[in-house]
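> what would the 3D arrangement of this be:
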Amino acid sequence: MTKRTKSQKITCPCCGKERATVDGTSLPQLEDKLLEANLRPWWNSKEGWSSEEASKGKLQWACRYCLKSGRAIEANPVVQKFCDYPPYLAYFDVRLRCEDCGSQFVFEATEQQFWYEELKFWVQSRPKQCLACRKLRRERKREENEKGRVA
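Below is the predicted model:
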């Protein structure tokens, strides 16, 4: 079990609400999961690191309300690839801006879970383009490859 530091109020990055204490979240249990799998982050190896990172706003997690309501999905950090970036302890929709067309798009919680747990992308990876621009880019690349084979 993780040694819990003082009970402190922290703000949920999913809903933006202040939660009474770290003990009222699933952070300690998720940290325990990582410790049991010998996956303690090398840059912050002391017990209670998840609560410390969450209170600094450097950890993607969600309060129990967000998890229970379906606004967020609990992550399985044991199967994620992380090194110099903390693992995700929850997934929730994140708004990003497309580098190609400039429009805002949503990187959905289910897509994040697929990227980081199934495809094994590094957790610091984020899409740079919206779905429409990604599809267009793939189509252009496919056409270039076909032209290269014909020539």
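
> which residues in the protein form helices?
Along the chain, counting by DSSP state H, helices occupy 27-36, 49-55, 64-69, 109-113, 131-150.

> how about those in JSON lines, adding distance to Pro87 and mean neighbour count?
For every residue, glycine as well, the C-beta is placed using N, CA and C. Formatted as JSON lines, the helices of the chain follow (distance: least, C-beta to C-beta, whole Å; neighbours: other C-beta atoms under 10 Å):
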{"stretch": "helix 27-36", "distance to Pro87": "7", "mean neighbour count": "18"}
{"stretch": "helix 49-55", "distance to Pro87": "9", "mean neighbour count": "21"}
{"stretch": "helix 64-69", "distance to Pro87": "16", "mean neighbour count": "16"}
{"stretch": "helix 109-113", "distance to Pro87": "12", "mean neighbour count": "17"}
{"stretch": "helix 131-150", "distance to Pro87": "25", "mean neighbour count": "11"}
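
> minimum distance to Cys14: which of those helices has it?
helix 64-69 (4.2 Å; C-beta to C-beta).

> which secondary structure elements does that closest one contact?
Counting contacts by 3 or more C-beta pairs under 8 Å, 6 or more residues apart in numbering; DSSP states H and E, helix 64-69 is packed against strand 72-74, strand 90-92.

> skipping adjacent residues, who's closest to Ala109 in space?
Once flanking residues are discounted, Ala109 sits nearest to Tyr91: 4.0 Å by C-beta to C-beta, 6 or more residues apart in numbering.

> cool, and Ala72?
Ala62 (3.4 Å).

> dump the helices of the chain into TSV; add mean pLDDT as well.
Below are the helices of the chain laid out as TSV (pLDDT from 0 to 100):
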stretch	mean pLDDT
helix 27-36	82
helix 49-55	82
helix 64-69	92
helix 109-113	97
helix 131-150	90
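
> what residues are up against the most centrally placed residue in the chain?
In the chain, the residue lying closest to the centroid (C-alpha atoms, centre = their mean) is Tyr88, at 3.8 Å. Neighbouring residues of Tyr88 by C-beta atoms under 8 Å, 6 or more residues apart in numbering: 60-61, 75, 77, 80, 112, 116, 123.

> most neighbours among those residues, which one?
Within these, most neighbours by other C-beta atoms under 10 Å means Trp61, with 29 neighbours.

> alright, I will stop here.
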